[in-house]
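Undergrad: A structural model of the following input is requested.
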Amino acid sequence: MAGASLFIQEDLKLTDTQVQLLIGILNVCAFVGCLTAGHVSNYVGRRRTITVGACFFVAGSTVMSQAHSFGLLMAGRCAAGIGVGYALMIAPVYATEIAPAATRGSLAATPDVCINLGALAGYTSTYFFGKLPLAQGWRAMLGLGGLPSAVLALGVLFMPESPRWLAMHGRVEESRAVLRQLSDTPEEAELLWSKIAPVAVASPQSSAGVWKEMFLHPTPPVRRMLVAGVGILFMQHLSGINGVQLYSPRVFKDAGINSRDQILATTVFMGLAKTLFILSAILLVDRVGRRPLYLSSLAGVIVSLTCLGTTLTIIRRAEPHHAAPWTLPVAITSVFTFVASFSVGLGPITGCYSSEVLPLRLRAHGVSLGVALNRLTNAAVALSFVSLSDAITMGGAFFLYAGFATCMAAFFYFNCPETKGRPLEEIEEMFSHGWRARQQLSSVEIPVYGNNPRR
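TA: Have a look, this model is predicted:
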């Protein structure tokens, strides 16, 4: 939508306020999708919930590609937003529940790779479809966006259901059959079942019971897990990444790039850099661990945002004269390093970690709540970025995001222990201890029995 909005605004004669609303409304509707997805996934299963979300997105893309008014565009964007909410909630939960502990981080972060491959495809299609006649180009961009979701809706039917969800609903034989399918040996499947069974039996199936345990009578471990899992989801977009992604043409224009083709080409390379660094995170998350990658990512984000804010402020104060020649390459480099730093930790690890630390009985609803709050902060950034930049300048906005990122680093350091290599059913035990004890437990090396990674 970042590039398509340029063409939509010109074709349908939309105001800046309408464009800002069109871009930001997706996250408001994703909030609704997130809140309902947790209940739906507990009721119909993780796999079918993915299909429901994909169908919403296909419907939204179709409506937007055929829209001839701002109202229809908003309707399609809202439908797509609900689909996004479902996908963001269920994808990491499903991946976490079927993945082995030794590779759970990389597999649970894979949905983020797919999201960014889609974003990269969107940037690239914007550049090439922008060569088409005005009314046809942006419609092709939005219409083709529904194709991957249609493939997903069909492909997920051939994937196994989460064995933990099956066990939670008393479908013991189906759960054990899936475990045998996912395990290397029958012995490993039985070992996994011995860990899953006690937890699944104790899991309340009603939404009322889940919300009651989460908010009315939470135990200290549950409270700590909610703070960690929901907290990092809430704060993720306070780094301003959505402002840079959605309004990258404006950012590059403020930095001094005036040609539309140059702006779009730079945006494509930004998407490519983001995708490449997420792939590197996939390779490192189960080797290095969640904490080192996440904290290193935040350090790079803070430095990049500070440099970007400083450079844009220098460029603005130099107007109407040209700023020093070094400011343009520094501004562009800062955008790229910001996106790269976010992608190597803050992006892919957030969804993965929040799904890991919440216990089975609370996982769907807890992640649902966290992703809903994530969408609210995302929407707040998307809906306020232009207004905030006008009020305190774009450089000032990035200084503000750098301050938020500093607070996020402190929060993660003190509240989020390492989960690398630990079975899901053992992570809850870590949160039964205080901060110092959790740090000591998270540094203990988890043994691997035989050649099979523990799940």
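
Undergrad: mean confidence score for stretch 138-156?
TA: Stretch 138-156 shows a mean pLDDT of 84.

Undergrad: in that stretch, what counts as buried?
TA: 138, 139, 141, 142, 145, 146, 148, 149, 152, 153, 156 (16 or more other C-beta atoms under 10 Å). Backbone N, C-alpha and C define where each C-beta goes, glycine included.

Undergrad: could you say which helix or strand holds residue 57?
TA: helix 46-65 (DSSP states H and E).

Undergrad: could you do residue 5 as well?
TA: Using DSSP H and E, residue 5 falls in helix 4-12.

Undergrad: helices - which of the buried residues of stretch 138-156 land there?
TA: In helices, defined here by DSSP state H, the members of the buried residues of stretch 138-156 are 138, 139, 141, 142, 148, 149, 152, 153.

Undergrad: quick one on the thing from earlier: report the backbone C-alpha coordinates of the helix holding residue 57 in CSV.
TA: C-alpha atoms of helix 46-65 as CSV (Å, rounded to 0.1, in the frame of the first residue of the first chain):
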residue,chain,number,x,y,z
ARG,A,46,-5.3,-23.7,14.6
ARG,A,47,-5.3,-24.9,11.0
ARG,A,48,-8.8,-23.9,10.1
THR,A,49,-8.3,-20.4,11.7
ILE,A,50,-5.5,-19.9,9.1
THR,A,51,-8.0,-20.6,6.3
VAL,A,52,-10.5,-18.2,7.8
GLY,A,53,-7.9,-15.4,7.9
ALA,A,54,-6.8,-16.1,4.3
CYS,A,55,-10.4,-15.9,3.0
PHE,A,56,-10.9,-12.5,4.6
PHE,A,57,-7.7,-11.2,3.0
VAL,A,58,-8.7,-12.6,-0.5
ALA,A,59,-12.1,-10.8,-0.2
GLY,A,60,-10.5,-7.6,0.8
SER,A,61,-7.9,-7.6,-2.0
THR,A,62,-10.6,-8.3,-4.5
VAL,A,63,-12.8,-5.4,-3.3
MET,A,64,-9.9,-2.9,-3.3
SER,A,65,-8.8,-3.8,-6.8
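
Undergrad: would you tell me what the next helix or strand after that helix is?
TA: Next along from helix 46-65, by DSSP H and E: helix 70-98.

Undergrad: tilt between that following helix and helix 46-65?
TA: 160 degrees (axes from the mean of the first three to the mean of the last three C-alpha atoms, to 10 degrees).

Undergrad: flag every buried residue along helix 70-98.
TA: Counting neighbours by 16+ other C-beta under 10 Å, the buried set in helix 70-98 is 70, 73-98.

Undergrad: buried stuff in stretch 285-298?
TA: Result for stretch 285-298 [16+ other C-beta under 10 Å]: buried residues 285, 286, 289, 290, 291, 293, 294, 295, 296, 297, 298.

Undergrad: and what of stretch 368-376?
TA: Buried, per 16+ other C-beta under 10 Å, within stretch 368-376: 368, 369, 370, 371, 372, 373, 374, 375, 376.

Undergrad: the buried residues of stretch 138-156: which two are farthest apart?
TA: 138 and 156 (29.1 Å; C-beta to C-beta).

Undergrad: list the contacts of stretch 329-345.
TA: Outside stretch 329-345, the residues that touch it by C-beta atoms under 8 Å, 6 or more residues apart in numbering are 116, 239, 241, 244-245, 248, 251-252, 255-257, 266, 269-270, 273-275, 277-278, 280-281, 284, 293-301, 303-305, 307-308, 311-312, 315.

Undergrad: whichever of the residues you listed end up buried, select them in ChimeraX.
TA: Provided next is the ChimeraX selection string for whichever of the contacts of stretch 329-345 are buried by 16+ other C-beta under 10 Å:
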select :116,239,241,244,245,248,251,252,255,256,257,266,270,273,274,275,277,278,281,284,293,294,295,296,297,298,300,301,303,304,305,307,308,311,312,315
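
Undergrad: helices - which of the contacts of stretch 329-345 land there?
TA: Going by DSSP H, the helices hold 116, 241, 244-245, 248, 251-252, 255, 266, 269-270, 273-275, 277-278, 280-281, 284, 293-301, 303-305, 307-308, 311-312, 315 from the contacts of stretch 329-345.

Undergrad: okay, now the unreliable bits of the stretch 101-250 of the chain?
TA: Residue ranges of the stretch 101-250 of the chain with pLDDT under 70: 123, 127, 130-131, 134, 200-208, 246, 248-249.

Undergrad: how about 90 then?
TA: 101-158, 163-173, 175-176, 179-223, 237, 240-250 (pLDDT under 90).

Undergrad: can I get the buried residues of stretch 285-298 in JSON lines with pLDDT?
TA: Listed next are those as JSON lines, based on pLDDT from 0 to 100:
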{"residue": "285", "pLDDT": "89"}
{"residue": "286", "pLDDT": "88"}
{"residue": "289", "pLDDT": "89"}
{"residue": "290", "pLDDT": "91"}
{"residue": "291", "pLDDT": "92"}
{"residue": "293", "pLDDT": "93"}
{"residue": "294", "pLDDT": "94"}
{"residue": "295", "pLDDT": "95"}
{"residue": "296", "pLDDT": "94"}
{"residue": "297", "pLDDT": "94"}
{"residue": "298", "pLDDT": "95"}
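
Undergrad: thanks a lot, catch you later.
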